[in-house]
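Chemist: sequence plus the predicted model coming up.
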Amino acid sequence: MTESEKLDLILSKLGKLDKLEAQFGGFNERLKRLETEFGKFNERLERLETEFGKFNERLKRLETEFSEFKERLDRLEADFGGFKERLDRLETEFSEFRGRLDRLDSDVTGIKLILENEIRPNIMRVAEGHLDLYRKLREATRIDDEKEMIAIRVNIMEEQLRTIKERLDQIA
């Protein structure tokens with residue numbers, strides 16, 4: 001191998017080395033860009049982790065509130081169960097009351113019928129009997145009144161007759 005061939009070989013190797021250096025420089029620039037991008041990615045990841053932490057805190061608060069809400073709902077369901085039992089008892093009592101009211105209504109209707117059909121006619125008969133008795137009593141007392149008036153007149157006349165007799169005895 002001649003010197004010129006060696007030089008050509010060295011030059012070609014140097015050219016390749018220059019190409020490699022150029023490629024390495026491009027690779028280095030790409031690596032710097034990747035490092036920059038990775039730094040940005042890292043920053044974004046940290047922001048996401050921070051936001052995820054905040055989200056996690058909010059989620060815990062929501063879970064706590066949901067738990068409290070569930071407890072309140074359980075209490076309301078228990079209260080509603082008691083309310084439902086009370087309402088059932090009231091409905092039962094109302095049904096019993098309605099039955100009693102229907103019986104009372106039936107009894108009152110029966111009493112009205114008895115009053116109209118039996119007691120009222122009997123009262124009318126008794127009233128008519130009393131009216132007849134009252135008339136008879138008036139007639140009887142009127143006769144007694146007339147007898148008393150006659151007795152009073154007889155007494156007056158007897159007195160007058162005695163007075164006349166005494167005058168006659170005085171004259172004769």
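Modeler: Everything's here; your move.

Chemist: any idea which helix or strand carries Ala78?
Modeler: helix 3-114 (DSSP states H and E).

Chemist: so how far is Ile10 from the residue nearest to Leu9 when sequence neighbours are not counted?
Modeler: Distance criterion C-beta to C-beta, 6 or more residues apart in numbering; nearest residue to Leu9, sequence neighbours excluded, is Met1 at 7.6 Å. The C-beta positions use only the backbone N, C-alpha and C, and glycine is treated the same way. Applying C-beta to C-beta, to the nearest Å, the value for Met1 to Ile10 is 11 Å.

Chemist: look at the two and report which has more neighbours.
Modeler: Ile10 (11 against 7; other C-beta atoms under 10 Å).

Chemist: separation between the more buried one and Leu17?
Modeler: From Ile10 to Leu17 the distance is 10 Å (C-beta to C-beta).

Chemist: quick one on the thing from earlier: right, and the helix or strand after the helix holding Ala78?
Modeler: Next element after helix 3-114 (DSSP H and E): helix 120-171.

Chemist: so how far is that following helix from its chain's centroid?
Modeler: Put simply, helix 120-171 sits 80 Å off its chain's centre (C-alpha atoms, centre = their mean, to the nearest Å).

Chemist: which helices and strands sit right next to that helix?
Modeler: Counting contacts by 3 or more C-beta pairs under 8 Å, 6 or more residues apart in numbering; DSSP states H and E, helix 120-171 is packed against no other helix or strand.

Chemist: any idea of the angle it forms with helix 3-114?
Modeler: 30 degrees (axes from the mean of the first three to the mean of the last three C-alpha atoms, to 10 degrees).

Chemist: avg pLDDT for helix 120-171?
Modeler: For helix 120-171, the mean per-residue pLDDT is 88.

Chemist: same check on stretch 59-73?
Modeler: On average, stretch 59-73 scores 94.

Chemist: alpha carbons of it, in PDB - could you do that?
Modeler: The C-alpha coordinates for stretch 59-73 follow below in PDB (Å, rounded to 0.1, in the frame of the first residue of the first chain):
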ATOM      1  CA  LEU A  59     -61.900  12.300  46.600                       C
ATOM      2  CA  LYS A  60     -61.200  11.500  50.300                       C
ATOM      3  CA  ARG A  61     -63.400  14.500  51.300                       C
ATOM      4  CA  LEU A  62     -66.100  13.300  48.900                       C
ATOM      5  CA  GLU A  63     -65.900   9.800  50.400                       C
ATOM      6  CA  THR A  64     -66.200  11.300  53.900                       C
ATOM      7  CA  GLU A  65     -69.200  13.400  52.800                       C
ATOM      8  CA  PHE A  66     -70.700  10.400  51.100                       C
ATOM      9  CA  SER A  67     -70.200   8.300  54.200                       C
ATOM     10  CA  GLU A  68     -71.900  11.000  56.300                       C
ATOM     11  CA  PHE A  69     -74.700  11.300  53.700                       C
ATOM     12  CA  LYS A  70     -75.100   7.500  53.800                       C
ATOM     13  CA  GLU A  71     -75.400   7.600  57.700                       C
ATOM     14  CA  ARG A  72     -78.000  10.400  57.400                       C
ATOM     15  CA  LEU A  73     -79.800   8.400  54.800                       C
END
